[in-house]
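Asker: mind looking at a prediction? Sequence and model below.
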Amino acid sequence: MFDQNCASCHEVGSAALSAKAPDRKAINKLTTEAIYASLTTGSMKDRAQNLTDPQKRRLAEFLGGLRKLGAAEAGDASRMPNRCAENPPIADVSASPSWNGWSTDGTNTRFQSEANARIAASDVARLKLKWSFGLPGATHVYGQPTVVGGRVFVAADSGYVYSLNAATGCVYWSYLAEGAVRTAVVVDQVQRAQVKGGEYAAFFGDLKGNVYAVNARTGSKMWMVQVEDHPLTRLTGAPKVYENRLYVPVASADEGSAAEPHYPCCRFRGSVVALDTATGKQIWKTYTIPEKPKVVRRNSIGTELWGPSGSGVWNSPTIDPKRKALYIGTGDAYTSPAAKSSDGLMALDLATGKVLWQVQDLAGDAWLVGCPDDPSKRPENCPKAMGPDHDFGASPILKELPGGKRILVAGQKSGMVWAHDPDNNGAVVWKAPTSSGPAPATGQIVWGGAADDHNVYFGLHSGGIVALQLDNGERRWFTKIDPAPAKLPGQEGSVSAIPGAVFAGGWDGVLRALATDGGRVLWEYNMVQEYKTVNGVAAKGGSMVAAGPTVAGGMVFAGSGYPGLGAGAGLPGNVLLAFGVE
């Protein structure tokens, strides 16, 4: 709708850009509510008269960082009846079981030890719902739950981040970000001169490119910085904290608008940004594509077309203390020729951001939404040589094998799983397909796997969970998942593991646990139902696609709701579910 109704006046690089109109970057700084007001009663009322009210709402939410309209007032924790009676100081968070951020540690194994899980595989069949918390106004609950110090931190597309008591679901506080929050929250102690002994901060990013640090006990803002000003910036991968630095991966939705002739495709480059945890000050920023984009041609209506671009970082970085390195998977290119950094892995120096090595597992993958395979039917903005969109959206997993050899395991959208050698400039150790047929157009492996000491586990878009042996990539088992009556196949959401069991949610809205020794289903729970929530908010479960379940302290937490991008793609929802063993 923006491309067809607004881009000619507001998009920088469009031949018809109005000198009086604010550009896309300026609009991106406005709230969803302010943009909607402009479209309905303000300066854009006449220009938007042909749009229906639902269209205006969707347009305002899109330009407002995907934050839901009307959620600001309804979602405030101060209005909820289940406020926690006490809010004690957060003590040493390492003293209690936790799942802090995207994974249990910096290696991104998404594996919880039995001591911290406090759930044995033999107990999984006795999991029961303990409490549920409704997220007002949300439809995507894609901020994976974080468990730290007896608290749960969760976020959604409403723009709100909540801090809850893990045992009861009572709410300590809420914080409203400027855009929807998709990242998991990571909690760590920061040292500030004015606070003796330091304090704990909760870090997260939004879909406007903003990174936040809020007091983990009170929810008060400590700092906020914008790490990228491209209007389609999307912070999806959870940041990582290591030695007083916050490492932020940066991606974008640039590829989603590029087929529209008024859109100046494409100027975004993926990056990782290192920030000081106490102040938010930028220490370094490394682009995945070192060359700055420039105008390479114009299309038939005069819109500037740029390059090189792409190689976004959708995943949470992997930390390697031994090598003092950070590893990321990179996305596809948006323009051809595809950048050499696309569809591969990169290693960056933790201290300086210097590129230590990079490998490309698929060359020539320049891809945009709305560009068909038939060259004669492609819009002018499309790459001349189209790729299959087989990037790396999942975080690389760092594992040490028996004997001391280390590997970096990464799942690709093609369905191929790669093991690279982090101690030998990323050399390939093995590669293994997860299926015999071609990958679906939407990608076979999308958001993330888990690994124990024997296998690595991935959910597949085609429907099922697969286990590959860590030392050679040999398939150990595959369990086909038949979807619930919702008839929505697909398991590309992130999986999580404990000794003996793997947890996974699907498009069908069912949360399952499978045995790691053969893949049999141990337990399942259909989340697609209405809930009586502890905070009195009307809530319903839906699809579980991007974020995975988290396990800590005898509890399993799952955010439920993910309608996806297209009509009928998935099931919306607005609930956080907490399970315990009975």
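Answerer: Good, I have the coordinates.

Asker: sheet partners, orientation included, of the helix or strand Ser560 falls within?
Answerer: Per DSSP states H and E: Ser560 is located in strand 555-562. Strand pairing for strand 555-562, using DSSP bridges, gives strand 550-552 (antiparallel), strand 571-581 (antiparallel).

Asker: quick one: closest of those strands to Leu232.
Answerer: strand 571-581 (22.8 Å; C-beta to C-beta). Quick note: C-beta positions are derived from backbone N, CA and C, even for glycine.

Asker: mind listing what's buried in that closest one?
Answerer: 571-581 (16 or more other C-beta atoms under 10 Å).

Asker: do the same with stretch 454-474
Answerer: Within stretch 454-474, judged by 16+ other C-beta under 10 Å, the buried ones are 455-468, 470-471, 473.

Asker: equivalent analysis for stretch 225-237, please.
Answerer: By 16+ other C-beta under 10 Å, the buried positions in stretch 225-237 come out as 225, 227-228, 230-237.

Asker: wait, doesn't Val171 sit right on Asn82?
Answerer: Yes: with contacts counted by C-beta atoms under 8 Å, Val171 reaches Asn82, the gap being 5.8 Å.

Asker: in a markdown table, list the strands paired with strand 555-562 along with mean pLDDT and distance to Tyr242.
Answerer: Formatted as a markdown table, the strands paired with strand 555-562 follow (pLDDT from 0 to 100; distance: least, C-beta to C-beta, whole Å):
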| stretch | mean pLDDT | distance to Tyr242 |
| --- | --- | --- |
| strand 550-552 | 98 | 20 |
| strand 571-581 | 97 | 28 |
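
Asker: got a markdown table for these, with distance to Phe62 too?
Answerer: Conversion of the strands paired with strand 555-562 to a markdown table gives the following (distance: least, C-beta to C-beta, whole Å):
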| stretch | distance to Phe62 |
| --- | --- |
| strand 550-552 | 29 |
| strand 571-581 | 16 |
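
Asker: nearest to Ala484, out of the ones you listed?
Answerer: Nearest of the strands paired with strand 555-562 (C-beta to C-beta): strand 571-581, 10.1 Å.

Asker: what strand or helix carries Gly519?
Answerer: Applying DSSP H and E, one finds Gly519 in no helix or strand.

Asker: what's the burial count for it?
Answerer: Neighbour count for Gly519, taken as other C-beta atoms under 10 Å: 18.

Asker: which ones are touching it?
Answerer: Going by C-beta atoms under 8 Å, 6 or more residues apart in numbering, Gly519 touches 465, 467, 477-479.

Asker: where's the residue positioned nearest the centre of the chain relative to Pro88, distance?
Answerer: For the chain, the residue nearest the mean C-alpha position is Thr236 (3.3 Å; C-alpha atoms, centre = their mean). Going from Thr236 to Pro88 by C-beta to C-beta, to the nearest Å gives 33 Å.

Asker: buried residues in stretch 362-382?
Answerer: Here stretch 362-382 shows 362, 364-369, 371, 378-379, 381-382 as buried, counting by 16+ other C-beta under 10 Å.

Asker: actually stretch 142-157, not the one I wrote
Answerer: Neighbour-count burial for stretch 142-157 [16+ other C-beta under 10 Å]: 142-157.

Asker: can you give the strand pairings for the strand or helix carrying Val211, parallel or anti for each?
Answerer: Of the helices and strands defined by DSSP H and E, Val211 is found in strand 210-215. Its sheet considered, strand 210-215 pairs with strand 199-205 (antiparallel), strand 221-226 (antiparallel) by DSSP bridges.

Asker: can you put those in TSV and add distance to Tyr525?
Answerer: Listed next are the strands paired with strand 210-215 as TSV, based on distance: least, C-beta to C-beta, whole Å:
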stretch	distance to Tyr525
strand 199-205	27
strand 221-226	36
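
Asker: ranking those by burial, who's on top?
Answerer: Of all those, strand 199-205 has the most neighbours on average by mean count of other C-beta atoms under 10 Å, namely a mean of 25.

Asker: not counting residues beside it along the chain, what's closest to Trp173?
Answerer: Spatial nearest neighbour of Trp173, excluding adjacent residues (C-beta to C-beta, 6 or more residues apart in numbering): Gly219 at 3.2 Å.

Asker: returning to that earlier point: lowest pLDDT pick from the buried residues of stretch 142-157?
Answerer: When the buried residues of stretch 142-157 are compared by pLDDT, Tyr142 scores lowest at 90.

Asker: tell me the contacts of Ile498?
Answerer: 111-114, 117, 119, 121, 551.

Asker: who's in contact with the longest helix anywhere in the chain?
Answerer: With secondary structure taken from DSSP state H, the chain has its longest helix at helix 53-63. Residues outside helix 53-63 that contact it (C-beta under 8 Å, 6+ apart) are 1-2, 5-6, 27-28, 30, 32-33, 35-36, 39-40, 48, 51, 67-69.

Asker: how about 10 Å then?
Answerer: 1-2, 5-6, 10, 24, 27-28, 30-40, 44-45, 48, 51-52, 67-71, 157, 179-180, 207-208, 231-232, 253, 257 (C-beta atoms under 10 Å, 6 or more residues apart in numbering).

Asker: buried among the residues you listed? Make that a ChimeraX selection.
Answerer: A single ChimeraX command is used to select the members of the contacts of helix 53-63 judged buried by 16+ other C-beta under 10 Å:
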select :2,5,6,10,24,27,28,30,31,32,33,35,36,37,38,39,44,48,51,67,68,69,71,157,179,180,207,208,231,232,253,257
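
Asker: identify those among the contacts of helix 53-63 that sit within strands.
Answerer: Residues of these located in strands (DSSP state E): none.

Asker: tell me which of the contacts of helix 53-63 fall in helices.
Answerer: Reading helices off those with DSSP H, I get 2, 5, 10, 24, 27-28, 32-40, 71.

Asker: which of those lies closest to Gly137?
Answerer: Checking the ones in helices among the contacts of helix 53-63 one by one against Gly137 (C-beta to C-beta), the nearest turns out to be Ala71, at 3.1 Å.

Asker: okay, the closest one: pLDDT?
Answerer: 67.

Asker: beta partners of Trp131?
Answerer: Under the criterion used (DSSP bridges), Trp131 bridges to Ala578.

Asker: give me every residue that touches it.
Answerer: Trp131 neighbours (C-beta under 10 Å, 6+ apart): 82, 164-170, 531-535, 555, 576-580.
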